[in-house]
Every structure is written in C-alpha cells, then in structure tokens.
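S.K.: sequence unavailable; structure follows:
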C-alpha cells in the first residue's frame, strides 16, 4: 500500500483525546546528518498509546503520528551515521539518545538531554509507512535479513521495559517470591524476564481470567484474580502472611499500586512500571519502618542488544506475546481490538506492512 504520489505516506494520526485517523502525511526527510529514514515493515500498539488516546500524556499534541515500536528497512541515511547502510534491516528502539550528554554518559538514555522518549510523543512515530529516526547510530539495531519481524518488534519497548523497569529495578534474585500486578503485555514481559533470575514463585495478579491463564502458560506459578477486591488477602495466604520479596506494578492505577504496597514483605522491592495518569497515594504511615525500596523508572533500552541475542538464540520466545495481526489499513480495528483486550483476548497486536 505504498503511496508515492506527491511524496505522501499513510500514517495513524492523533487528533486529541479519543480521536485517531489514518491519513495521508508527508514522508519524513533527513533533518540532521545523524538521522535515518526507515521504511516500516512491522509495528505494534503499546499500552502507552492507549494512555495517549485517553489524554494521560498531554505533551502529545494534535497531528502527531503515534507509535514508538518498529522493524523496518533503512531507506536513507544522514552523512554522519556509521555502521549502517541503505537496505539494512533494523530494529527501532523507542528511546532516542545522543550518546554524549550527561545523562547518556550515566546510561540514563531515557533522560537524554537531546532525546529520550521522542517517537510518537514529541516527534512523529512508527505507526506509518516511514519514520525519521534521530541519532540513528544509537536508536537502530542491525538485524540479519531472516530475522522474524514479529518476534523482534517486541524488543522495541515491552521486553526492555519489563526487564529494566520491573525485573532489574525490583532486584529479582534466585529464590524470591515475585508478584506482578497486571497481566497485560508489559506485565507478561516482566514475567518472561523475571524467570531469567530463577525466583521460587511468581504470582500474577489481574482481573482478567484469560490473561491469567496466559500468564500461567508463560510460567506464572500462581494466579490471583483481583476483581473481588481481595487480592491482598489471597497473596498473603499464599505467602503464609509473609508477603512477597518483589512487587512489580504493571498497570498504572492507584488501585494496583495499593496492592503492591499491601503485599510487599519487609526488606522488599516495589518496582513501578505502569504509566500513571492520575495520582496514587504512598502509604508511608505503614511502610516507613518496613525497609522497602520503591523505584520508578523509564526504560532506557540498555538491555536491547542482550535481549536480541536471547531471542535470536531461542532462549527467549518473544513471539508468543503476539495475539493478533493486522495490515496498516486495518489499524483502527487493531486499536479497537487492543483497547478491548479482555473481550478480544488480545495481548500484543502487530501491524504488518508490505515488504
């Protein structure tokens, strides 16, 4: 469905809360010598895109092309891009980093003074036929031609997010009891990556029985349906009133953050992953003497290369996160499917474009 007339392309455009449209837009062009233009072959929808659609990310303005995940083919390169060439197949990281600022030198790429989370946020994103990638040397990962797009696109965002913001920030270690609140794609990514660190138990908490069964098939040792408001009691019963060593919040709601605070054991770690559009209360009147660690974290993408090796070797099966497939002309249907995940039994939905 390439649209070459008048240098136009098809793209999914945000027009304010609750309003999306598939439109003709100008194809991106090189603006800086460190840019690349990538022709998208596979993209996907993130829970953060739904937060944008609901108005939870007000910095995203009318007219923005959404999306921050993708696999594609390099179509054009700036003169200063090294190690890549036109025609290369690449993974697009959601994080843009210059590699030179004070935050990049501390490996805090998400807080890059010249980048961070830009795609589908403050610059046009990947839910389109073409996308401009700033600082392409740092934001693109070279792939072999036979790489599986659907498996690899899970490494743009959710797998690094689950690993970096959940598993690693939660300090998961062998023998731990880990609870993950939220069995959506990022929660399931945390589930997959948590297992790399050999916890004794992984308890998945959600209101959706289908997703809980998926979580069990992905390796959760216990599942708890929290729709009755009694998740805390069930988890405390499972742990003989001790609580969990690590609680990973993967939803972004006050209620799910509360569960994490209620089930954490003394000396435990609460790792917040969810995007919070509204305030959540921190119960220091209960936790002040509990020796807990609470972390907030935006994915940096520093683990992407390692995750790529694990997917390519078969050690990590990322493709099983994909539940639905659409073409770009069907992207509105894809959003509806992903936004009604419980009814549609949706995990990650991928958008495949012509090669």
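M.R.: Looks like it came in fine. Here the structure is a predicted model, which means the values were calculated and not measured. Numbering: from 1, shown residues only.
S.K.: count of neighbours near residue 295?
M.R.: Residue 295 has 15 neighbours, counted by other C-beta atoms under 10 Å. (Each C-beta comes from the backbone N, C-alpha and C, glycine too.)
S.K.: excluding its backbone neighbours, what's nearest it?
M.R.: Nearest-residue entry for residue 295: residue 169, 4.2 Å, with adjacent residues in sequence omitted and distances by C-beta to C-beta, 6 or more residues apart in numbering.
S.K.: okay, now the one you found: neighbour count?
M.R.: Counted with other C-beta under 10 Å, the neighbours of residue 169 add up to 21.
S.K.: begin at 869 from here
M.R.: Sure thing, new numbering starts at 869, so read that last one as residue 1037.
S.K.: ok, it to residue 1140 distance?
M.R.: Plainly put, residue 1037 is 8 Å away from residue 1140 if you go by C-beta to C-beta, to the nearest Å.
S.K.: just residue 1152 next, same as before
M.R.: Between residue 1152 and residue 1140 the distance is 15 Å, computed by C-beta to C-beta.
S.K.: which one of these two has more residues nearby?
M.R.: Higher neighbour count among residue 1152 and residue 1140: residue 1140, with 24 against 10, using other C-beta under 10 Å.
S.K.: any idea how far residue 1128 is from that one?
M.R.: 8 Å.
S.K.: contacts only, for residue 1001.
M.R.: Taking C-beta atoms under 8 Å, 6 or more residues apart in numbering, we find residue 1001 in contact with 903, 904, 905, 906, 960, 964, 987, 1007, 1008.
S.K.: by neighbour count, which of those residues wins?
M.R.: Going by other C-beta under 10 Å, residue 960 tops those with 31 neighbours.
S.K.: low-confidence ranges in the chain?
M.R.: Within the chain, the stretches with pLDDT under 70 are 869-873.
S.K.: can you give me the helices for the stretch 969-1118 of the chain?
M.R.: Secondary structure of the stretch 969-1118 of the chain (DSSP state H, counting those that start in this stretch): helices at 970-973, 1004-1007, 1017-1020, 1026-1029, 1053-1062, 1077-1086, 1099-1106.
S.K.: would you format the ones you listed as JSON lines with distance to residue 1134 included?
M.R.: Listed next are these as JSON lines, based on distance: least, C-beta to C-beta, whole Å:
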{"stretch": "helix 970-973", "distance to residue 1134": "33"}
{"stretch": "helix 1004-1007", "distance to residue 1134": "40"}
{"stretch": "helix 1017-1020", "distance to residue 1134": "40"}
{"stretch": "helix 1026-1029", "distance to residue 1134": "28"}
{"stretch": "helix 1053-1062", "distance to residue 1134": "21"}
{"stretch": "helix 1077-1086", "distance to residue 1134": "26"}
{"stretch": "helix 1099-1106", "distance to residue 1134": "13"}
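S.K.: nearest to residue 1194, out of those?
M.R.: Minimum separation from residue 1194 across these (C-beta to C-beta) falls at helix 1017-1020, 12.0 Å.
S.K.: give the other helices and strands that that closest one contacts.
M.R.: strand 904-912, helix 1172-1181, strand 1216-1220 (3 or more C-beta pairs under 8 Å, 6 or more residues apart in numbering; DSSP states H and E).
S.K.: element containing the nearest residue to residue 1076 once chain neighbours are set aside?
M.R.: Nearest non-adjacent residue to residue 1076, counting by C-beta to C-beta, 6+ apart: residue 1210, 4.8 Å away. In this structure, residue 1210 sits in helix 1209-1212 according to DSSP states H and E.
S.K.: buried stuff in that helix?
M.R.: Going by neighbour count (16 or more other C-beta atoms under 10 Å), the buried part of helix 1209-1212 is residue 1209.
S.K.: again, but for stretch 1176-1193
M.R.: Within stretch 1176-1193, the residues scored as buried using 16+ other C-beta under 10 Å are 1176, 1178, 1179, 1184, 1186, 1187, 1189, 1190, 1191, 1192.
S.K.: cool, and stretch 1132-1149?
M.R.: By neighbour count on 16+ other C-beta under 10 Å, the buried set for stretch 1132-1149 is 1132, 1133, 1136, 1137, 1138, 1139, 1140, 1141, 1142, 1143, 1144, 1148.
S.K.: distance to residue 993 added to the residues you listed, as TSV?
M.R.: Below are the buried residues of stretch 1132-1149 laid out as TSV (distance: C-beta to C-beta, whole Å):
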residue	distance to residue 993
1132	35
1133	40
1136	36
1137	32
1138	30
1139	26
1140	24
1141	21
1142	21
1143	16
1144	22
1148	27
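S.K.: now, the most widely separated pair of the contacts of residue 1001?
M.R.: 905 and 964 (14.6 Å).
S.K.: which parts of the stretch 919-1068 of the chain are strands?
M.R.: Here the stretch 919-1068 of the chain has its strands, by DSSP state E, counting those that start in this stretch, at 932-933, 938-945, 957-960, 963-964, 984-985, 998-1001, 1008-1011, 1045-1049.
S.K.: minimum distance to residue 1170: which of those has it?
M.R.: Proximity to residue 1170 (C-beta to C-beta) singles out strand 963-964 among the strands of the stretch 919-1068 of the chain, at 8.9 Å.
S.K.: returning to that earlier point: looking at the buried residues of stretch 1132-1149, which is nearest residue 1222?
M.R.: Using C-beta to C-beta, residue 1143 comes nearest to residue 1222 of those, at 32.0 Å.
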